[in-house]
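[1] build me a structure from this.
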Amino acid sequence: MNRRQGTTLAATVLTLLAVAPSGAVAAPAQDGRSALATGRSQDGRASFRLEGRRLTVTLARRLERKGFAGRPSATLVCGETVPVGSAARLPRTFDTVVARRILRVHPGVRTVRALLDRDIARWANWCKLRWHSAARQLSLEAEMTLRSGTPPGCSPADPRLVMVENDRVLVMSATRRTEWTSAAIYRACDKSSATWHELADAYQDRYAGWVQELFVVSGAWVAWRTDDASSYAGKRTCTIQRKDLDGGPAQSIPMTQDDASDTCATALALGSNGAVAWVVATWGQPSPPDRLNVLASSGTIVTLDTAPARTLTDIAISPDGGTVTWMNGGQPRSARVP
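    Here you go, the predicted structure:
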C-alpha cells in the first residue's frame with residue numbers, strides 16, 4: 001500500500017467513526033428518495049454535494065500539512081438562511097435550520113465525507129467546511145442549489161419553528177440570540193402558491209424591545225399582537241396586526257377606539273374574512289375589568305362585553321366572520337359583528 005492509499009484509507013476510517021447516527025429527526029424527501037443539492041465555493045477551492053444527510057466536500061488541492069499541528073478538526077455545516085430587510089437593529093440574515101458534523105481528519109486529505117445530524121438537502125442554500133487546529137484555521141463556503149428532489153415549498157425543515165397553520169397558511173419563526181439580545185423574524189407561507197411573506201420582526205435587549213405574540217390564522221388571513229416597549233422610557237404600546245396573504249400590507253389596529261394607554265390584548269380571534277376580535281386587559285391596581293373588542297365593518301372598534309379580569313375566555317369567530325362567541329365567567333355568549 002503506497003502513501004496515497006494509506007492517507008485515503010485513514011481519512012475514510014476517521015469519517016466512518018464520525019458518522020454514526022445521532023438520533024436527530026430527519027426530514028426525508030416527499031417521494032421517499034434523498035434530495036440532492038450541490039455547490040462550489042467562489043474561489044473554486046471546494047465543491048459540495050449534499051444528498052440527504054450525507055455531505056461530501058471535494059477539495060481542489062489536498063489539505064496542506066504545513067501549519068497544522070496534529071489531526072485538524074473539521075466542522076461541516078449546511079443550513080437555510082433567509083434575508084431580512086426591515087429593522088436596522090436586526091441581523092441581516094437568520095438561519096431557519098442548520099445541520100452539522102464535527103470530525104477529525106488527516107492533513108493531506110482531499111475528500112471529506114460526513115453524515116450530518118439531520119436531512120436538510122431540500123432546504124439548504126449554503127454549506128461550509130471549517131477545519132482548525134492549534135496552529136491554523138481555514139474555511140470554505142458555497143451556495144447550494146437543489147438538483148433533484150421535491151422543492152420544500154411551505155414544508156418546514158424544523159417543525160418546531162411553526163407557530164400556527166391551517167390548510168392555507170403556515171406561520172414560522174426564526175430566532176438569533178446573543179448573551180444580551182434576542183432577535184426574531186416571522187414569516188407566513190401561502191400554501192396555494194408556495195409563496196413566503198415577511199410578517200414582522202422582534203428585538204429585545206436588557207432594557208427594551210418589541211415582541212410579536214398570539215399568532216392566529218383563518219383562511220388567507222394572519223393576525224397577531226405587537227407589544228412594543230422600544231422607547232427605553234418605560235412606555236409600552238400594544239396593537240393588533242392583520243394581513244391578507246391574497247394581497248395588501250399588514251394593517252395596525254389599536255387596542256381601543258380611543259387608543260387608551262396601558263392596555264394590551266390577552267386573547268385574539270380571527271375570521272376567514274379578516275374579522276378580528278380580542279380581549280383587552282388594562283394594567284393597574286386593583287385590576288380594571290377586561291373588555292371584549294371587535295373591529296366593526298365600518299372600521300371602528302366596538303366593545304361587545306366587559307367582565308372582571310381574566311373571566312372573558314374562549315373567544316372565537318364563526319367561519320363566515322359574522323358572529324363572535326365567548327365565555328363570560330363560564331357562561332356562553334355571542335354577538336353579531338357590527
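[2] for the rest of this, base every contact and every neighbour count on C-alpha atoms.
    Fine.
[3] and residue 159, how far from residue 52?
    17 Å (Cα to Cα, to the nearest Å).
[4] more neighbours: which of those two?
    residue 52 (23 against 10; other Cα atoms under 10 Å).
[5] so that one versus residue 38, what's the distance?
    On the measure of Cα to Cα, residue 52 and residue 38 end up 11 Å apart.
[6] now swap in residue 108 and tell me
    Using Cα to Cα, residue 108 is found at 23 Å from residue 38.
[7] identify the residue spatially nearest to residue 332, adjacent ones excluded.
    residue 326 (5.9 Å; Cα to Cα, 6 or more residues apart in numbering).
[8] partners of the one you found in the sheet?
    residue 333 (DSSP bridges).
[9] immediately after the worst-scoring helix or strand of the chain on mean pLDDT, which helix or strand?
    When each helix and strand of the chain is scored by mean pLDDT, DSSP states H and E, helix 3-18 comes last, with a mean of 34. Using DSSP states H and E, the next helix or strand after helix 3-18 towards the C-terminus is strand 36-41.
[10] run the angle between the helix or strand following that next one and strand 36-41 for me.
    Sequence-wise, the next helix or strand downstream of strand 36-41 (DSSP H and E) is strand 46-51. Inter-element angle recorded for strand 46-51 and strand 36-41: 170 degrees (by axes from the mean of the first three to the mean of the last three Cα atoms, to 10 degrees).
[11] per-residue confidence averaged over strand 46-51?
    For strand 46-51, mean pLDDT rounds to 97.
[12] just to revisit the earlier point, surely the residue nearest to residue 332 and residue 311 touch.
    No - counting by Cα atoms under 8 Å, residue 326 sits too far from residue 311 to count as a contact (10.1 Å).
[13] neighbour count: residue 108 and residue 38, which is higher?
    Between residue 108 and residue 38, counting by other Cα under 10 Å, residue 38 is the more crowded of the two (24 against 16).
[14] contacting residues around the more buried one?
    Applying Cα atoms under 8 Å, 6 or more residues apart in numbering to residue 38 gives the contacts 47, 48, 49, 50, 144, 145, 146, 147.
[15] repeat that for 7 Å
    Going by Cα atoms under 7 Å, 6 or more residues apart in numbering, residue 38 touches 48, 49, 50, 144, 145, 146, 147.
[16] the closest residue in space to the second one that isn't next to it in sequence pairs with what?
    Once its chain neighbours are removed from consideration, residue 49 has its nearest residue in residue 38; the separation is 4.5 Å (Cα to Cα, 6+ apart). Under the criterion DSSP bridges, residue 38 forms beta bridges with residue 49, residue 145.
[17] give me the pLDDT for residue 38.
    Reported pLDDT for residue 38: 98.
[18] show me what the nearest residue to residue 306 once chain neighbours are set aside bridges to in the sheet.
    Closest residue in space to residue 306, ignoring its immediate chain neighbours: residue 291 at 4.4 Å, by Cα to Cα, 6+ apart. According to DSSP bridges, the partner residues bridging residue 291 are residue 280, residue 306.
[19] just give the number of residues close to residue 291.
    Neighbours of residue 291 (other Cα under 10 Å): 25.
[20] for residue 230, see how far away it is.
    For residue 291, the distance to residue 230 - Cα to Cα - is 26 Å.
[21] again with residue 248
    26 Å.
[22] of these two, give the one with the bigger neighbour count.
    residue 230 (18 against 8).
[23] contacts only, for that one.
    Residue 230 neighbours (Cα under 7 Å, 6+ apart): 208, 209, 210.
[24] from the residues you listed, which land in strands?
    Using DSSP state E, the subset of the contacts of residue 230 located in strands is 209, 210.
[25] export the contacts of residue 230 to JSON lines and tack on pLDDT, distance to residue 174 and neighbour count?
    Formatted as JSON lines, those follow (pLDDT from 0 to 100; distance: Cα to Cα, whole Å; neighbours: other Cα atoms under 10 Å):
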{"residue": "208", "pLDDT": "84", "distance to residue 174": "20", "neighbour count": "17"}
{"residue": "209", "pLDDT": "88", "distance to residue 174": "17", "neighbour count": "19"}
{"residue": "210", "pLDDT": "90", "distance to residue 174": "15", "neighbour count": "19"}
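[26] between the contacts of residue 230, which sits nearest residue 182?
    Nearest to residue 182 among those is residue 209, at 9.2 Å by Cα to Cα.
[27] now that closest one, nearest residue through space, not along the chain?
    Nearest one to residue 209, counting by Cα to Cα, 6+ apart, is residue 230 at 4.3 Å.
[28] same question, residue 224
    Closest to residue 224 by Cα to Cα, 6+ apart is residue 215, at 4.4 Å.
[29] the host helix or strand of the one you found pairs with which strands, and in what direction?
    Element membership for residue 215 (DSSP H and E) is strand 209-218. Partner strands for strand 209-218, per DSSP bridges, with pairing direction: strand 195-204 (antiparallel), strand 221-229 (antiparallel).
[30] make a markdown table out of the ones you listed and add mean neighbour count.
    Shown next, in a markdown table, are the strands paired with strand 209-218 (neighbours: other Cα atoms under 10 Å):
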| stretch | mean neighbour count |
| --- | --- |
| strand 195-204 | 18 |
| strand 221-229 | 23 |
